[in-house]
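*Asks:* sequence below, structure please.
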Amino acid sequence: MSRGKRYEEPKLNMKKVFAVIIAIIVVIMFIFIIKGILTNNKDEGKITSQDYFVSYKDNKFGVINAKGENVIDPSYEEMIIIPNSKNDVFLCTYDVNYETGEYKTKALNSKNEEIFTQYNKIETILNHDKNNNLWHEENVLRVQKDGKYGLINLGGKELSSCEYEEITAIEEITGALKVKKDGKFGILDKDGKEILKTQYSDIKRLGKESKDGFIVKSEDNKYGIVDYSGNIIIENKYEDIENIHKNDLYVAKNNGKYILVKKDGTEIAVNADEIKDILSNTENGIIVVKNGKYGVIKITGESVIDTIYDDLKEAKSGILIAKQNNKYGIINLEKNPKVEFKYSNIIYDEKANIYIAEDESFNNDIMNDNFEIKQSGILINIDDEKGYIELRQKEQSKYYNFKFEEKDVKDVLSSNTLYVSKKEGKYGFVDKNGNVVVDYIYDDATQQNNYGYAGIKKDGKWGSIDEKGNIIQEPVYNLENYLEINFIQKWHLGQDINMKYYNQL
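*Replies:* Now for the predicted structure:
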């Protein structure tokens, strides 16, 4: 049996070598492909890793990046819209005629190049919630061509051809776009897929999400309900329909009278003719309003809570947040007070299972589900995802989990390089090891934001530092009436935080 020569030089297996070379090439190609996706791939609508913000200077709007650098010089009279902060698509409105309502639009990228030029108009789709907080539908744009509207994504990919007379949002819910064609309405999703055919005289939201279905109006002005797939839930035979949001019960108007309709179509007469509006149902009754006052009745019409409150909403089963004499408190279905009527507002955070009560001075009491005040202060932030509450207490930020256990700021803001510290009434910054990086010379300070900048206050004026503690903007801004102090380099967040733009002197 031959064992070969021990020191014979091995011969190359060319098939294996070739396979290795191919594998290396594939890996290199994969790396470049991934790099391209993470930077910018317009054809597929991918987004960049950069963040962009609207800037405002000398009464003109522009765009800056997360380093505070000008991307689009402030030169536009109208506010620039950035649909997605991580995508370099900036929508500009110009040549506005306020008398006729006519205007022009264009889209720019981070190179100040005009994009999507094949369309006559490029716009976001504006939406709002019940408190009139505004937002733009993300990652989808409404475009106009030859007088008709369609949809594209932020990469310019066509989602729906320009064939509609109108495209608008369904109020208060995301991902459902109301379209009009030949005088009839239908629904598209955010990807342009047809959910409801354009065959209705009108369409309204049913619940809190598009998946809850829709209230639809037929040609003969009768209302019914369809689900997200267009299947009929309630036939179009009522004068009006509203959702009660729970237990598959709906309020319908028939022959001028309000009735309850179950999901299976069963009708329940409500023995309460004087009730003008049925708002929502609790686990044990229905919230109603009579002569501008709120209460709770049973399905039979029997009163559970008299209509004596200025506002009433269920926080959780059997517990209601109520308003009386312009103050909020908490009661149960037995009308027993759980929280005294002394607050200007109360909200319930379902995920955290806590109550947040605010007084007229914007101080907050944070209560557990037994209505015990566990912490007090000015609420700065509540992060349901990370599971913490930030409170301003005795001029310092304190952090608590949802069990009200205090957490070290370094654990909560683990990616920060600097942390606010207070000593002898003055503020400075320390690193993760507690070493002083910025001396205790400031009257106030903010924690470092996601972009490495922190606010510093001295002699009543605000400025900023970077992630190393270097002064970027000397304290020159009077921001006493601002709800939030936030800096991007030398730019500070505008007074109207809903508009989300940054100012600079």
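*Asks:* wait, K222 sits on D240?
*Replies:* No - here K222 does not reach D240: they are 9.5 Å apart, not a contact under C-beta atoms under 8 Å. C-beta coordinates here come from the backbone N, C-alpha and C atoms, glycine included.
*Asks:* can you pull the pLDDT of N449?
*Replies:* We note a pLDDT of 95 for N449 in this prediction.
*Asks:* correction: I47
*Replies:* Reported pLDDT at I47 in the predicted model: 37.
*Asks:* kindly report the same for I244.
*Replies:* 63.
*Asks:* and the gap between Q199 and D384?
*Replies:* According to C-beta to C-beta, to the nearest Å, Q199 and D384 sit 39 Å apart.
*Asks:* and these two? Which one has more around it.
*Replies:* Q199 (14 against 11; other C-beta atoms under 10 Å).
*Asks:* now the most centrally placed residue in the chain, what's its secondary structure?
*Replies:* The centroid of the chain falls nearest to W135 when counting by C-alpha atoms, centre = their mean (7.1 Å). Following DSSP: H, G, I helix; E, B strand; the rest coil, the label given to W135 is strand.
*Asks:* contacting residues around the nearest residue to it once chain neighbours are set aside?
*Replies:* Excluding its sequence neighbours, the residue lying closest to W135 (C-beta to C-beta, 6 or more residues apart in numbering) is N127, at 5.6 Å. By C-beta atoms under 8 Å, 6 or more residues apart in numbering, the contact list for N127 reads L134, W135, H136, E137, A169, I170, E171, E172, T174.
*Asks:* can you pull the domain assignment for the protein?
*Replies:* Split into domains by automatic domain parsing, the chain comes to 13-44, 416-505.
*Asks:* contact partners of stretch 376-390?
*Replies:* 349, 351-352, 354, 356, 358, 362-366, 375, 391-393, 397-402, 407, 412.
*Asks:* only the buried subset of those residues, as a ChimeraX command please.
*Replies:* In ChimeraX, this line selects whichever of the contacts of stretch 376-390 come out buried by 16 or more other C-beta atoms under 10 Å:
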select :352,354,356,358,364,365,366,375,391,397,398,399,400,402,407,412
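*Asks:* just the ones of the contacts of stretch 376-390 in helices?
*Replies:* Residues of the contacts of stretch 376-390 located in helices (DSSP state H): V412.
*Asks:* was I right to think the residue nearest to the centre of the chain contacts A169?
*Replies:* No - here W135 does not reach A169: they are 9.2 Å apart, not a contact under C-beta under 8 Å.
*Asks:* ok, and for the longest strand anywhere in the chain, which residues are buried?
*Replies:* As assigned by DSSP state E, the longest strand anywhere in the chain is strand 373-383. Using 16+ other C-beta under 10 Å as the test for burial, strand 373-383 gives K374, Q375, G377, L379, I380, I382.
*Asks:* with stretch 139-154 instead?
*Replies:* Per 16+ other C-beta under 10 Å, stretch 139-154 contains these buried residues: 139-144, 148-154.
*Asks:* so which of the domains of the chain gets nearest G295?
*Replies:* Taking C-beta to C-beta, domain 416-505 is the member of the domains of the chain nearest to G295, at 33.4 Å.
*Asks:* end-to-end on that closest one?
*Replies:* End-to-end distance of domain 416-505 (C-alpha to C-alpha, to the nearest Å): 28 Å.
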